[in-house]
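Peer 1: Fold the stuff below for me.
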Amino acid sequence: MTGAAGGSRVVVHPGPAELAAGVAARLCTVVLDAQAERGTADVAITGGGMGAQLLRALATEPAREAVDWGAVDLWWADERFLPHGDPDRNETQAREAGLDVLPLDPDRVHPMPASDGPDGDSVEAAAARYAELLAGRAEDGQAVPRFDVLVLGVGPDAHCASLFPGHPALAEERLSVVGVHDSPKPPPTRISMTLPALRSAQRVWFLVAGTDKAGAVALARSGAPVEQAPSGAVSGRLETLWLLDPEAATALA
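Peer 2: Got it, this is the predicted structure:
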């Protein structure tokens with residue numbers, strides 16, 4: 001089932017497995033198109049259960065064989081500021097879900113810094129390091145690369161990446177990366193791309209499943225203020241898709 005509102009589209013898949021498989025196929029198509037246009041592709045992801053399912057689906061997606069994974073740059077939209085290898089880190093979960101099955105160039109996989117990295121426990125320094133890396137890979141003096149697709153989840157409170165309702169990080173106007181303190185969801189210290197950075201993506205895909213997310217999806221798509229529903233304030237330059245299972249769509253008209 002599909003629908004459109006507010007400059008974005010809703011696509012409802014029969015269940016979580018079909019949702020992950022459908023997004024895996026979409027992702028391969030976008031990457032192939034980007035590589036045909038300029039020889040490379042930039043993809044940004046986040047954490048969450050459906051994000052892990054997407055990576056597992058990619059491992060068995062037939063279209064992945066046509067992709068030059070060595071010419072894909074992989075970025076993270078946010079990260080829990082924890083030691084390298086911590087099971088709660090988005091990077092760790094992604095690798096456990098099958099990221100390492102894809103023949104990516106290790107030099108083009110760009111996890112956000114860990115709390116035991118070169119910046120120690122300074123989340124601001126770690127965020128600045130990632131912002132510098134983004135700018136170094138961008139074209140024409142831009143602050144971030146051209147993200148061909150950004151895949152995001154949505155929390156039950158309608159947050160996305162590590163930008164939470166009413167949180168000071170929402171006010172950051174730089175096209176950059178910030179340290180997040182006192183997150184209402186543990187762990188309290190995180191790194192996140194800012195709203196302007198998320199909005200710079202060519203395509204934004206929200207990948208959401210479960211009844212616990214239904215209210216957040218409806219709120220985000222209702223036009224609620226950014227302070228109430230940060231995810232509703234993020235859209236792609238070319239495309240914004242809400243890719244849902246039936247349970248996540250139950251509160252939509």
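Peer 1: Only C-alpha atoms from now on, for both contacts and neighbour counts.
Peer 2: Will do.
Peer 1: The chain: strands as residue ranges?
Peer 2: With strands called from DSSP state E, the chain shows them at 2-5, 8-12, 41-45, 72-76, 78-80, 109-110, 149-152, 177-180, 190-193, 203-208, 239-244.
Peer 1: and those strands as TSV, adding distance to residue 130 and mean neighbour count?
Peer 2: TSV is the format used below for the strands of the chain (distance: least, C-alpha to C-alpha, whole Å; neighbours: other C-alpha atoms under 10 Å):
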stretch	distance to residue 130	mean neighbour count
strand 2-5	34	11
strand 8-12	29	18
strand 41-45	13	22
strand 72-76	10	22
strand 78-80	10	26
strand 109-110	9	16
strand 149-152	17	26
strand 177-180	7	26
strand 190-193	9	28
strand 203-208	21	25
strand 239-244	25	22
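Peer 1: Redo the ones you listed as JSON lines? Include mean pLDDT.
Peer 2: JSON lines is the format used below for the strands of the chain (pLDDT from 0 to 100):
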{"stretch": "strand 2-5", "mean pLDDT": "42"}
{"stretch": "strand 8-12", "mean pLDDT": "96"}
{"stretch": "strand 41-45", "mean pLDDT": "98"}
{"stretch": "strand 72-76", "mean pLDDT": "98"}
{"stretch": "strand 78-80", "mean pLDDT": "98"}
{"stretch": "strand 109-110", "mean pLDDT": "98"}
{"stretch": "strand 149-152", "mean pLDDT": "98"}
{"stretch": "strand 177-180", "mean pLDDT": "97"}
{"stretch": "strand 190-193", "mean pLDDT": "98"}
{"stretch": "strand 203-208", "mean pLDDT": "98"}
{"stretch": "strand 239-244", "mean pLDDT": "98"}
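Peer 1: Export the ones you listed to a markdown table and append columns for distance to residue 250.
Peer 2: Listed next are those as a markdown table, based on distance: least, C-alpha to C-alpha, whole Å:
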| stretch | distance to residue 250 |
| --- | --- |
| strand 2-5 | 13 |
| strand 8-12 | 10 |
| strand 41-45 | 25 |
| strand 72-76 | 29 |
| strand 78-80 | 28 |
| strand 109-110 | 36 |
| strand 149-152 | 19 |
| strand 177-180 | 32 |
| strand 190-193 | 29 |
| strand 203-208 | 12 |
| strand 239-244 | 10 |
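Peer 1: quick one: terminal-to-terminal distance for stretch 207-221?
Peer 2: Terminal residues of stretch 207-221 lie 14 Å apart, using C-alpha to C-alpha, to the nearest Å.
Peer 1: And stretch 143-163, by the same measure?
Peer 2: Start-to-end, stretch 143-163 (C-alpha to C-alpha) is 19 Å.
Peer 1: Next, the buried residues of that stretch.
Peer 2: For stretch 143-163, a neighbour-count test (16 or more other C-alpha atoms under 10 Å) marks 143-155, 157-163 as buried.
Peer 1: Kindly report the same for stretch 50-65.
Peer 2: Buried residues in stretch 50-65 (16+ other C-alpha under 10 Å): 50, 51, 52, 53, 54, 55, 56, 57, 58, 59, 64.
Peer 1: Which residues does it contact?
Peer 2: 16-17, 20-21, 23-25, 28-29, 45, 93-94, 97-99, 101-102, 151-153, 207-209 (C-alpha atoms under 8 Å, 6 or more residues apart in numbering).
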